[in-house]
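Trainee: All I have is the shape, not the residue letters:
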């Protein structure tokens, strides 16, 4: 190794990495080995991987946080735009959660959030993304969820939460419910994460306005193009039964 290359190497002992290692160890994200007896590259990579995992998780529930949720939503919009497959976004809100905090304290509220998070985790598929959206609100991204199954999935989640009492203290057990709103992605059309979330949020508002502990799913939008619309797009050359009436094209690409 040349002297110039060696001069750019960093001794990890000169870096202040104790706080990063402590954060990862305390979070349970994985024990980072000590630098002593460990290859420096593997040690540093372990720290980086652990910190990346921490940055994408909600510390209270262990679910994906909003940053991770937004990234997944962007990828799902891209997939639906290219493939036309169905995808459903559910927004969930714990009913009367403020009353729990006001009556039993914020520690009890944390217990409720953790319990609901565990129940939701048991209701989703490995391919789904469950996130704590903020406060008492959660979100689920469900790829490849057909319109006919959307309400069934949401109802199963609602019932699971309602049927799972939460023990907030040795003598206090609470019955918790959630309201759920859902919206399907626009197939073949590039939307935005904000528009998709707003549509699901609107359905959540309707579920709460209807009395809470309810599900409201927006009808899957029809983004197909009709024959009449195609005719307007392509003009008189378009034939709804096919393209047989168009002038033939020679191999070189020019019309006869």
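Mentor: Great, that's in hand. Keep in mind that this is a model prediction, so the values were computed, not measured.
Trainee: which stretches of the chain form strands?
Mentor: Remark: strands assigned in the chain by DSSP state E are 87-94, 129-134, 137-143, 166-169, 172-174, 178-184, 215-217.
Trainee: Throw these into TSV and include mean pLDDT, thanks.
Mentor: Listed next are the strands of the chain as TSV, based on pLDDT from 0 to 100:
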stretch	mean pLDDT
strand 87-94	98
strand 129-134	96
strand 137-143	98
strand 166-169	96
strand 172-174	97
strand 178-184	97
strand 215-217	97
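Trainee: Out of the ones you listed, which is closest to residue 110?
Mentor: Closest to residue 110 of the strands of the chain, according to C-beta to C-beta: strand 166-169, at 9.3 Å. No exception for glycine: its C-beta is placed from N, CA and C like everyone else's.
Trainee: count of neighbours near residue 192?
Mentor: 12 (other C-beta atoms under 10 Å).
Trainee: Check residue 110 too.
Mentor: Neighbours of residue 110 (other C-beta under 10 Å): 15.
Trainee: so what's the residue lying closest to it once chain neighbours are set aside up against?
Mentor: Distances taken as C-beta to C-beta, 6 or more residues apart in numbering place residue 60 nearest to residue 110, at 6.1 Å, with adjacent residues excluded. Contacts for residue 60 (C-beta atoms under 8 Å, 6 or more residues apart in numbering) come out as 110, 113-114, 132.
Trainee: so which of the strands of the chain comes closest to residue 67?
Mentor: Comparing these by C-beta to C-beta, strand 129-134 comes nearest, at 9.2 Å.
Trainee: I'd like to check the angle between that closest one and strand 87-94, please.
Mentor: Interaxial angle, strand 129-134 versus strand 87-94 (axes from the mean of the first three to the mean of the last three C-alpha atoms, to 10 degrees): 40 degrees.
Trainee: Point out the other helices and strands that strand 129-134 packs with.
Mentor: Packed against strand 129-134 by the contact rule (3 or more C-beta pairs under 8 Å, 6 or more residues apart in numbering; DSSP states H and E) you find helix 66-83, helix 106-121, strand 137-143.
Trainee: Can you give the contact residues for it?
Mentor: Contacts to strand 129-134, defined as C-beta under 8 Å, 6+ apart, come from residues 58, 60-61, 63-66, 68-69, 72, 91, 113, 117, 120-121, 124, 138-141.
Trainee: Generate a ChimeraX selection restricted to the buried subset of these.
Mentor: The ChimeraX command for the buried members of the contacts of strand 129-134 (criterion: 16 or more other C-beta atoms under 10 Å) is given here:
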select :58,61,63,64,65,68,69,72,91,113,117,120,124,138,139,140,141
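Trainee: Assess the claim that residue 139 and residue 76 are in contact.
Mentor: No. Between residue 139 and residue 76 there is no contact, the gap being 11.8 Å when judged by C-beta atoms under 8 Å.
Trainee: Residue 45: neighbouring residues, count only.
Mentor: By other C-beta under 10 Å, neighbour count at residue 45 equals 12.
Trainee: List the buried residues for stretch 102-118?
Mentor: So, applying 16+ other C-beta under 10 Å, buried residues of stretch 102-118: 104, 108-109, 111-113, 115-117.
Trainee: Name the residues that touch that stretch?
Mentor: If you take C-beta under 8 Å, 6+ apart as the criterion, stretch 102-118 is touched by 60-63, 94, 97, 100-101, 130, 132, 136, 138, 161, 164, 166-169, 172, 174, 176, 178.
Trainee: rerun at 7 Å
Mentor: Stretch 102-118 is contacted by residues 60-61, 63, 94, 97, 100-101, 132, 136, 161, 164, 166, 168, 172, 174, 176, 178 when judged by C-beta atoms under 7 Å, 6 or more residues apart in numbering.
Trainee: try stretch 207-221
Mentor: Residues from elsewhere that reach stretch 207-221 (C-beta under 7 Å, 6+ apart): 93, 95, 147, 150-151, 154-155, 158, 162, 177, 179-184, 186, 199, 203, 206.
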